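[1] what's the 3D shape of this:
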Amino acid sequence: AKSVGSCAAVAVDNASVEAMDVWDDSEVPMEPPSIALPASAPMYFASRGPSENSVGASEYASHASTKNLGSLTDPSLEMPRPAAGSTSSPAFDRFRAAVAPQLARRVLNRQWVEQHQDVGYYCKAPLAFLEAGRGGDARVALEEASRYINTGGVGSCCSAYGQEAHVQLPWLWICWAACKLQREDLASACFKRICTFGHPLTNSGLVRRPHHSFRDFEADFFATAVLCKAALLCQSLASAAAAGDSLLRAVAANSNNMIRRRQFCTRWQWDAGLIDEQDKFYCVSQDSPTGLYYLLGFPTVVLFELSRARVASPRLYRQGAERLLEFLKGCKGVSSSPSAHVVAYAAVLAQDKAFAAVMTERLLAAGEPGSKAFDAVDAMDQAAEAVIWLSQVHNHATRTISL
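    Numbering: from 1, shown residues only. As a prediction, this is how the structure comes out:
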């Protein structure tokens, strides 16, 4: 079993660190050569052949420019007001009111910041502040988070960003906040870095290291959703659809696993296919009460969002999202897991009001972390994410617009 709970466990080899220290256009992989797919290659590794959704890395990079971000940026930095006739949730208001000041007392405190040098404390804070209606604090926090633009999650002690997890994930949170704060330059820089973790032949997201080989790689379901979400934020719809297709192929490849073994394998390789390993980053099991449900919850949300974009066959993306949500509803610990806030939002997008209500009520009942707990990077990271996803639930319920 792989340990990701300490800084030592997230160390990467020197070559990877050197590759991540300097990011420029040369880091974006070249287009794939013409490769004949082996007959033994599982069907979900290869894209469906030349199509409007099949893109390479250079196209990802070409879309990561400031000109594509304008209509997605949000000029309003305050919390959207509920629509007429809607009601706010007192439990949600209390939760948000408790967490946001705790974040501010740390992220906006120069002395505290100097003693806590880890991207896990900062990458989600700007978006959390925006959802709490603290636009000024969000700007300051975004400047702090942008200091990690060259490294992403490399070297972080946060379990979500370690080498076994997703070192590119901090860039997505920074990109999302940058879009809303009209920082097109920063959003574009984040998108380019995320794209280096994309496999240009299969349009899958990668883990462990950026793309370096067309056959020697480890692809990941959650990383593919990160790639897709970043493309949606930056209006690269062809890139988003290509990554969405990869997500659908992985769902199809897991059909027997979901039905017969009650589990979803989240990673795969070119020759080996799905990696059958009982590790929390490799498998989400319905029978385990401690799964990392965000590994499926976030891709579910992304597929729902993709189904509402101007892409070909949006119905297929919605069907894939619904299939994932149905699987998540059968997971034993999902309604009480600290990693399941995004699942509540997925239920809202599916218009599954009963499940969304149960999820939201139980997650809010768990309350916010105590003040001292915020000094632990995982606790602070999870609290900020809870504000973000529960705000999405709240905004959707009150008929407001969110990215």
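
[2] Which parts of the stretch 251-400 of the chain are strands?
    263-265, 267-269, 273-274, 283-285 (DSSP state E, counting those that start in this stretch).

[3] Can you tell me what sits against the shortest one?
    Read that as strand 273-274. 42, 253-254, 257, 265, 267-268 (Cβ atoms under 8 Å, 6 or more residues apart in numbering). In short, each C-beta sits where N, CA and C put it, glycine included.

[4] shaky segments in the stretch 151-300 of the chain?
    163 (pLDDT under 70).

[5] Looking at the contacts of strand 273-274, which one is closest to residue 360?
    residue 254 (27.2 Å; Cβ to Cβ).

[6] Please work out how many residues are found near the nearest residue to that closest one once chain neighbours are set aside.
    Among residues not flanking residue 254 along the chain, residue 264 sits closest, at 5.1 Å (Cβ to Cβ, 6 or more residues apart in numbering). If you count neighbours by other Cβ atoms under 10 Å, residue 264 ends up with 26.

[7] and what of residue 256?
    8.

[8] cool, and residue 155?
    20.

[9] ok, back up a step: can you list the strands of the stretch 251-400 of the chain in CSV and add distance to residue 364?
    Listed next are the strands of the stretch 251-400 of the chain as CSV, based on distance: least, Cβ to Cβ, whole Å:
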stretch, distance to residue 364
strand 263-265, 27
strand 267-269, 32
strand 273-274, 35
strand 283-285, 23
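
[10] Out of the ones you listed, which is closest to residue 337?
    strand 283-285 (10.9 Å).

[11] Just the residues contacting the closest one, thanks.
    Contacts for strand 283-285 (Cβ under 8 Å, 6+ apart): 262-266, 276-278, 291-293, 295-296, 331.

[12] partners of it in the sheet?
    Using DSSP bridges, strand 283-285 pairs in its sheet with strand 263-265 (antiparallel).

[13] which residues sit against the partner strand?
    For strand 263-265, using Cβ under 8 Å, 6+ apart, the contacting residues are 221, 254, 257-258, 274-276, 282-287, 296, 327.

[14] how about 7 Å then?
    If you take Cβ atoms under 7 Å, 6 or more residues apart in numbering as the criterion, strand 263-265 is touched by 254, 257-258, 274-276, 282-286, 296, 327.

[15] out of the residues you listed, who's nearest residue 239?
    For these, the nearest to residue 239 is residue 296 (21.8 Å; Cβ to Cβ).

[16] so the closest one touches residue 328, yeah?
    Yes. The criterion here is Cβ atoms under 7 Å, and residue 296 meets it with residue 328 at 5.7 Å.

[17] ok, these two, which is more surrounded?
    Set residue 296 next to residue 328 and count neighbours by other Cβ under 10 Å: residue 296 wins out with 28 against 25.

[18] what helix or strand does the residue most central in space within the chain sit in?
    Here the mean C-alpha position of the chain is nearest to the C-alpha of residue 226 (Cα atoms, centre = their mean), at a distance of 4.5 Å. Here residue 226 sits within helix 221-233, counting by DSSP states H and E.

[19] so what does that helix touch, helix or strand wise?
    If you count contacts as 3 or more Cβ pairs under 7 Å, 6 or more residues apart in numbering; DSSP states H and E, helix 221-233 packs onto helix 169-180, helix 184-195, strand 204-206, helix 237-253, helix 294-307.

[20] in the stretch 51-200 of the chain, which spans are helices?
    57-63, 90-107, 110-115, 125-131, 135-145, 169-180, 184-195 (DSSP state H, counting those that start in this stretch).

[21] rewinding a little: report the buried members of the contacts of strand 283-285.
    262-266, 291-293, 295-296, 331 (16 or more other Cβ atoms under 10 Å).

[22] Distance to residue 103 added to these, as JSON lines?
    Listed next are these as JSON lines, based on distance: Cβ to Cβ, whole Å:
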{"residue": "262", "distance to residue 103": "37"}
{"residue": "263", "distance to residue 103": "35"}
{"residue": "264", "distance to residue 103": "32"}
{"residue": "265", "distance to residue 103": "35"}
{"residue": "266", "distance to residue 103": "29"}
{"residue": "291", "distance to residue 103": "27"}
{"residue": "292", "distance to residue 103": "23"}
{"residue": "293", "distance to residue 103": "23"}
{"residue": "295", "distance to residue 103": "24"}
{"residue": "296", "distance to residue 103": "27"}
{"residue": "331", "distance to residue 103": "29"}
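
[23] coming back round to it: for the helices of the stretch 51-200 of the chain, which one sits closest to residue 338?
    Of all the helices of the stretch 51-200 of the chain, helix 90-107 comes closest under Cβ to Cβ, at 13.0 Å.
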